[in-house]
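Engineer: Turn this into a structure:
(one chain, ligands or ions: 1)
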Amino acid sequence: MVLSIGTNKIKTAIFISGTGSNLKSLIKFSKLKKSPISINLIITNNKLAKGLKYGIIFKIQKKIINFKNKDIAEKKILKELKKNKIELICLAGFMKILSKNFIKNFKGKILNIHPSLLPKYKGLNTHQRAIENKDKYSGCTVHFVDAKLDSGKIILQKRVNIYKKDTPDSLEKKILAQEHKLYPKAILKIFSL
Ligand code: GRF
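Structural biologist: Alright, predicted model coming up:
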């Protein structure tokens, strides 16, 4: 990964579509002295995303991008990223698939968090699928983003037990609590290499 830390923190944009609990945990992490990143921009495709409130609370610039036309949307995002000198992108519950061309522009500089132990359960409804398959455990993964869905190089994973009483909702809650710790840990890991 060709990112220099220098004396300044790495300017980071977080892409969200919903609740933004990972966004919140990343913002809190970014304020710690040990954090190599600062969060300078929040991008969303969803003007109703609850996570946008963290932009207001923590005074971080937000951009709502209409994805009706993906090509135009991605061009607008690239412009914003450039304007804000963004060096790293963290996808956190961003529900749009970025094009190959977009990813090429930020090669090796886009991270994602996924609520399963990849390569198991790429895509959606991961908790339901793990429970239906009677898996004994599931978990979460932070990985680099490449052109294929949920397929880039894995940075860190955390395992979470599944008990008989678990439902997709209870499992989601347990895994989300681990996601909030795993994303900062993964960022520390890649920048301490
Ligand atoms: C998380 O489970 C994340 O792994 C997945 O989408 C969810 C987003 O949650 N990609 P939040 O918006 O960060 O609360």
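Engineer: got the residues of this protein near the ligand?
Structural biologist: For the chain, the residues in contact with the ligand (C-beta under 6 Å from any ligand atom) are 16, 18-22, 51, 92-93, 113-115, 176, 179. For every residue, glycine as well, the C-beta is placed using N, CA and C.
Engineer: Tell me which two of the residues you listed sit farthest apart.
Structural biologist: Greatest spatial distance in the residues of the chain next to the ligand: 51 and 114, 17.2 Å, computed using C-beta to C-beta.
Engineer: Would you enumerate the residues in contact with the closest residue to the ligand within the chain?
Structural biologist: Taking C-beta to the nearest ligand atom as the measure, the chain has residue 93 as its residue closest to the ligand, at 2.6 Å. Counting by C-beta atoms under 8 Å, 6 or more residues apart in numbering, residue 93 makes contact with 16, 17, 18, 19, 20, 22, 23, 51, 113.
Engineer: of these, closest to residue 140?
Structural biologist: Closest to residue 140 out of these is residue 113 (6.3 Å), distances taken as C-beta to C-beta.
Engineer: show me what contacts the closest one?
Structural biologist: Applying C-beta under 8 Å, 6+ apart to residue 113 gives the contacts 22, 90, 91, 92, 93, 140, 141, 142, 179, 182, 183.
Engineer: Could you report the neighbour count for the fourth one?
Structural biologist: Residue 92 sits with 25 neighbouring residues when counted by other C-beta atoms under 10 Å.
Engineer: any idea how far the residue lying closest to it once chain neighbours are set aside is from residue 79?
Structural biologist: Spatially, and ignoring its direct neighbours in sequence, residue 92 is nearest to residue 22 (3.8 Å; C-beta to C-beta, 6 or more residues apart in numbering). From residue 22 over to residue 79 the distance is 25 Å, taken as C-beta to C-beta, to the nearest Å.
Engineer: Compare neighbour counts for the two and give me the winner.
Structural biologist: Neighbour count, other C-beta under 10 Å: between residue 22 and residue 79, residue 22 has more, with 25 against 11.
Engineer: Next SSE downstream of the helix or strand hosting that one?
Structural biologist: In this assignment (DSSP states H and E), residue 22 forms part of helix 21-30. Sequence order places strand 37-44 as the next helix or strand after helix 21-30, per DSSP H and E.
Engineer: Go ahead and name everything in contact with that next one.
Structural biologist: By C-beta under 8 Å, 6+ apart, strand 37-44 touches 8-17, 23, 26-27, 29-30, 51-52, 54-55, 58, 60-65, 77, 80-81, 84-86, 88, 94, 187, 191.
Engineer: try 7 Å
Structural biologist: 9-17, 23, 26-27, 30, 52, 55, 60-65, 77, 80, 84, 86, 88, 187 (C-beta atoms under 7 Å, 6 or more residues apart in numbering).
Engineer: Which of the residues you listed fall within helices?
Structural biologist: Among the contacts of strand 37-44, the ones falling in helices (DSSP state H) are 23, 26, 27, 30, 52, 55, 77, 80, 187.
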